[in-house]
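Engineer: Next input, structure requested:
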Amino acid sequence: MLDQADGLALVCALALDSAAYDGPDDDGEVLGEVTRMCSRLLVEARKAIRVADDLLAEL
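Structural biologist: The predicted structure follows:
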């Protein structure tokens, strides 16, 4: 389960990062900022999932 969440977080981070740089130039500034922020949050979530996975493995 954690492996699936880990993979999903990585895919979402990459997709949002791509959308941030491929978005429209005129009105896309806010969308770009939001997608970059979401990308960073998902990367942090992925790190947290890995830590949780490591802790569970030690039990």
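
Engineer: So for the strand or helix carrying Asp54, mean pLDDT?
Structural biologist: Taking DSSP states H and E as the criterion, Asp54 maps to helix 29-58. In this model, helix 29-58 has a mean pLDDT of 83.

Engineer: buried ones in it?
Structural biologist: For helix 29-58, a neighbour-count test (16 or more other Cβ atoms under 10 Å) marks Gly32, Thr35, Cys38, Ser39, Leu42, Val43, Ala45, Arg46, Ile49 as buried. To be clear about C-beta, it is placed using only N, CA and C from the backbone, and glycine gets the same treatment.

Engineer: Of those residues, just say which sits nearest to Ala19.
Structural biologist: Ala19 lies nearest to Thr35 out of the buried residues of helix 29-58, by Cβ to Cβ, at 4.9 Å.

Engineer: so how far is Lys47 from Ala9?
Structural biologist: 9 Å (Cβ to Cβ, to the nearest Å).

Engineer: list residues touching both of the two?
Structural biologist: Residues touching both Ala9 and Lys47 by Cβ atoms under 8 Å, 6 or more residues apart in numbering: none at all.

Engineer: Give me the nearest residue to Arg36, chain neighbours excluded.
Structural biologist: Ala20 (4.7 Å; Cβ to Cβ, 6 or more residues apart in numbering).

Engineer: Mind telling me what element that neighbour is part of?
Structural biologist: Going by DSSP H and E, Ala20 is part of helix 2-22.
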